[in-house]
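> based on what follows, work out the 3D shape:
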Amino acid sequence: MYTFPLEFHKHLIFCIIGVAFFLWQYFRQGYKYQLITAGAIASTFLLYLNDSLIFRYSVGILEGIAVIIIFITMSSEKKKEEQEKAEEKNANAQ
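Predicted coordinates:
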């Protein structure tokens with residue numbers, strides 16, 4: 001069964017590299033969105049569990065929600081980081 005344009009073993013390699021990269025980035029930088037992204041990449045394998053159309057749409061909705069959560073988390077972490085830098089700059093200026 002080819003769910004993606006890639007064959008299963010190529011999809012597996014791609015996902016292993018993607019998950020490893022985002023986990024490494026998470027442990028290096030500590031941003032939550034990196035951990036969520038690793039989970040979202042790994043969850044694409046759910047499509048191989050069941051062939052039903054409802055299940056596929058459910059996984060698609062789950063992935064869409066994950067992408068939205070990733071963008072929200074990414075932007076909130078960026079804002080928090082900018083605020084911390086501004087506060088640090090103000091503290092150093094005084």
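> low pLDDT regions in the protein?
Within the chain, the ranges that satisfy pLDDT under 70 run 1-4.
> state the number of residues packed around S52.
The local packing of S52 (other C-beta atoms under 10 Å) involves 9 other residues. Placement of C-beta: from N, CA and C, glycine included.
> gap between it and H11?
The gap separating S52 from H11 is 20 Å, by C-beta to C-beta, to the nearest Å.
> center of the chain - which residue?
Centroid-nearest residue in the chain, with C-alpha atoms, centre = their mean: T37, separated by 1.0 Å.
> against R28, how distant is it?
On the measure of C-beta to C-beta, T37 and R28 end up 14 Å apart.
> cool, and F14?
Counting by C-beta to C-beta, the gap from F14 to R28 is 21 Å.
> elements contacting the helix or strand hosting E81?
E81 belongs to helix 53-93 when elements are defined using DSSP states H and E. Judged by 3 or more C-beta pairs under 8 Å, 6 or more residues apart in numbering; DSSP states H and E, the packing partners of helix 53-93 are helix 32-42.
> now do the helix it packs on against helix 53-93: the angle between them, please.
Orientation check (axes from the mean of the first three to the mean of the last three C-alpha atoms, to 10 degrees): helix 32-42 against helix 53-93 gives 160 degrees.
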